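Novice: Sequence plus the predicted model coming up.
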Protein chains: 2
Amino acid sequence: MPIKSTNITRVHSHVHLKDRWARHGHRGGVLWFTGLARSGKTSLALGLEKILFDECYRVRVLHSQNFRIGLSSDLGFSREDRREHIRRVGEVAAFLARRGVVVVTSFISPFALDRANARAAVGEGFHEVFLDPGLAVCEERDTDGIYARARVGEIPEFTGVSDSYEAPKVPELRIDTGVLTVAESLDILSEYATRAFRLPRA
Amino acid sequence: MPIKSTNITRVHSHVHLKDRWARHGHRGGVLWFTGLARSGKTSLALGLEKILFDECYRVRVLHSQNFRIGLSSDLGFSREDRREHIRRVGEVAAFLARRGVVVVTSFISPFALDRANARAAVGEGFHEVFLDPGLAVCEERDTDGIYARARVGEIPEFTGVSDSYEAPKVPELRIDTGVLTVAESLDILSEYATRAFRLPRA
């Protein structure tokens, strides 16, 4: 969509980002999960949030379903609406990251351009995490039958079946959630997060 | 706008809200500032954020200009777009309040219905704060000439001049920022916030 707001100056908080970092004990940033339906995004995002919260991180999950109920409730599933949906996720993630929070986003986000735009909105501290068990494993895990419904055309433009998934070419982290257990994946993620959001040496 | 997303179930964090409250030492909620241009919203929102941050609150300001650059960059200034703008503010504020954060919003938000919708989205912990020096004082403070431009029709649908401002009938807090200084207003606000977001007695 075209940008309609112009000539607007950003307002800056009187609280400096480095003071937030010092208070939090870590930097802000975004772990942007991407992957097919049933690739493990929700379980790992919620599990990682709990682990990091227990380690006293400032952490929030942005989840597709909650966004669809709230901020994106005016949007449908057309290509344009899905793009706008992901744009909003990127903006909210960027806002929180700039306030020193660790954000974990859980969205299929199939298009490389949309993810690149989110990366640009966030700037430094954006980490693309590709959850990649492969399509066959995702379909096997189809407990609620959404892949089956997509295969017979009941759900149109379903990512991986009737619409494309543009896999990240160079994600910061790739996890094969078809081979690793949830616990193993969470170990990797929490270790990664600890390193990614560590404060710079003084 | 009609709600286009249906049949979607909310996903719940594994971190309980009460555990967030206990960690933060206060509840989450929203101080929803409303008032004309030059009524003091920005100064008081940024000043209050600094005070509460220094007192170790989890606090964020949502500011109109930053929203216009980011999340609402696809929106213009038609009645419908302004409504959608405020709807998004309400959803982001609600999300953060449900994560135990104190949110201060700085938007003219002239229409009672939009503010009522934001109140409904947030639920418990929503506090409408009416900054009310009166139109004459705001026009006097017109350092950058926006009221003057509105008076000659250069800015159409300008709140208070060529478009209506629906003053809150029963705001939780009203501050006459024409009489009180910034420091006095901040005293009132920080005392109000301390009481409003105090943890319930165990």
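Specialist: That came through, no problem.

Novice: In chain A, mark out all the strands, start to finish.
Specialist: A:29-34, A:59-63, A:102-106, A:126-131, A:173-175 (DSSP state E).

Novice: Remind me what the last one packs against, helices and strands.
Specialist: So the one you mean is strand A:173-175. Judged by 3 or more CB pairs under 8 Å, 6 or more residues apart in numbering or on different chains; DSSP states H and E, strand A:173-175 is in contact with strand A:126-131, helix A:182-196. For glycine as for every other residue, the C-beta is placed from the backbone atoms N, C-alpha and C.

Novice: Give the buried residues for the last one.
Specialist: Taking 16 or more other CB atoms under 10 Å in any protein chain shown as the basis for neighbour counts, the residues of helix A:182-196 that come out buried are A:185-186, A:189-190, A:192-193, A:196.

Novice: okay, those in JSON lines with pLDDT and distance to residue A:63 next?
Specialist: Listed next are these as JSON lines, based on pLDDT from 0 to 100; distance: CB to CB, whole Å:
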{"residue": "A:185", "pLDDT": "98", "distance to residue A:63": "17"}
{"residue": "A:186", "pLDDT": "98", "distance to residue A:63": "17"}
{"residue": "A:189", "pLDDT": "98", "distance to residue A:63": "16"}
{"residue": "A:190", "pLDDT": "98", "distance to residue A:63": "19"}
{"residue": "A:192", "pLDDT": "98", "distance to residue A:63": "20"}
{"residue": "A:193", "pLDDT": "98", "distance to residue A:63": "17"}
{"residue": "A:196", "pLDDT": "97", "distance to residue A:63": "20"}
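
Novice: returning to what we had before: adding mean pLDDT and mean neighbour count, write the strands of chain A out as JSON lines.
Specialist: Listed next are the strands of chain A as JSON lines, based on pLDDT from 0 to 100; neighbours: other CB atoms under 10 Å in any protein chain shown:
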{"stretch": "strand A:29-34", "mean pLDDT": "98", "mean neighbour count": "28"}
{"stretch": "strand A:59-63", "mean pLDDT": "97", "mean neighbour count": "24"}
{"stretch": "strand A:102-106", "mean pLDDT": "98", "mean neighbour count": "27"}
{"stretch": "strand A:126-131", "mean pLDDT": "98", "mean neighbour count": "23"}
{"stretch": "strand A:173-175", "mean pLDDT": "98", "mean neighbour count": "19"}
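
Novice: Make CSV out of the ones you listed and add distance to residue B:134.
Specialist: Below are these laid out as CSV (distance: least, CB to CB, whole Å):
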stretch, distance to residue B:134
strand A:29-34, 43
strand A:59-63, 39
strand A:102-106, 41
strand A:126-131, 46
strand A:173-175, 56
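
Novice: Nearest to residue B:62, out of these?
Specialist: strand A:59-63 (14.8 Å; CB to CB).

Novice: Just the C-alpha atoms of that closest one, please, in CSV.
Specialist: What follows is strand A:59-63, C-alpha atoms only, in CSV (Å, rounded to 0.1, in the frame of the first residue of the first chain):
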residue,chain,number,x,y,z
VAL,A,59,10.1,-11.1,26.2
ARG,A,60,6.8,-11.1,24.1
VAL,A,61,5.4,-13.5,21.6
LEU,A,62,3.5,-12.0,18.6
HIS,A,63,1.3,-14.8,17.3
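
Novice: Residue A:116: how many residues sit nearby?
Specialist: Close neighbours of residue A:116, defined as other CB atoms under 10 Å in any protein chain shown, add up to 12.

Novice: likewise residue A:178?
Specialist: 17.

Novice: Show the contacting residues for it.
Specialist: By CB atoms under 8 Å, 6 or more residues apart in numbering or on different chains, the residues touching residue A:178 are A:132-134, A:137.

Novice: ok, the residue lying closest to it once chain neighbours are set aside - how many residues close by?
Specialist: Leaving aside its chain neighbours, residue A:178 sits nearest to residue A:133 (3.1 Å; criterion: CB to CB, 6 or more residues apart in numbering or on different chains). Per other CB under 10 Å, the neighbour tally for residue A:133 reads 20.

Novice: so how far is the longest helix seen in chain A off the chain centroid?
Specialist: Criterion DSSP state H: the longest helix present in chain A is helix A:79-98. In terms of CA atoms, centre = their mean, to the nearest Å, the centre of helix A:79-98 is found 10 Å from the chain centre.

Novice: same for it, what does it pack against?
Specialist: Judged by 3+ CB pairs under 8 Å, 6+ apart, helix A:79-98 is in contact with strand A:29-34, strand A:59-63, helix A:64-69, strand A:102-106, helix A:112-122, helix B:79-98.
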